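1. Okay, sequence plus prediction incoming.
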Amino acid sequence: MPIAKNTICLSYGSDAQDAAAFYASVFPDSRVDAVHRAPADYPGGRAGDVLTVHFTVCGVPCLGLNGGPDSLSQAFSFQIATEDQAETDHYWDAIVCNGGRASQCGWCEDKWGLSWQITPRVLTEAMASDEPEVAARAFAAMMTMQKIDVAALERAIAGD
């Protein structure tokens, strides 16, 4: 397996393999690429324990490190662009309904503590609009939501 020049490294307590398998089951162009085990006993672990997991999420190479106490935070998140409400619901529900936690403005956290932004393209496009009032209406609507409601967002963007 070729090693990518740049790989995102995420530290999990001891569940990197479970997390990688979950992401591979939910997101397109995602897979578990390799699992590496300790060749000998080490402080805090035994020979054969999973040390690292190489995986891909939506085409992005990642390395899950079973590095002791969890250290994931909102300082890092994956932003997943969605096309419509059905896709938004699919990813949001997969994360939140499998031990995760809802947050605000399209953010949620999976059961391992990794933050995700489930972001419909209509929101991203409105926020980048050359018309300040469109961006302001989209922003105001987003601020009232946990999971993004595409229809409500579109009504706000239109000024309804």
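-> Arrived safely, thanks for sending.

2. Report the central residue of this protein.
-> Trp116 (3.3 Å; CA atoms, centre = their mean).

3. next structured bit after the helix or strand harbouring that one?
-> Taking DSSP states H and E as the definition, Trp116 sits inside strand 115-120. Using DSSP H and E, the helix or strand that follows strand 115-120 towards the C-terminus is helix 121-127.

4. so what does that next one touch, helix or strand wise?
-> When contacts are defined as 3 or more CB pairs under 8 Å, 6 or more residues apart in numbering; DSSP states H and E, helix 121-127 sits against strand 77-82, helix 132-142, helix 150-158. (C-beta placed from N, C-alpha, C; glycine too.)

5. Average pLDDT for whichever helix or strand comes after the shortest one, rounded please.
-> So the one you mean is strand 77-82. Counting by DSSP H and E, the element after strand 77-82 in chain order, helix or strand, is helix 85-96. When pLDDT is averaged over helix 85-96, the result is 98.

6. So what touches helix 85-96?
-> Here helix 85-96 makes contact (CB atoms under 8 Å, 6 or more residues apart in numbering) with 26-27, 80, 82, 102, 108-110, 116, 118, 120, 147-151.

7. ok, back up a step: partner strands of the strand holding Trp116 and their direction?
-> strand 77-82 (parallel), strand 107-109 (antiparallel) (DSSP bridges).
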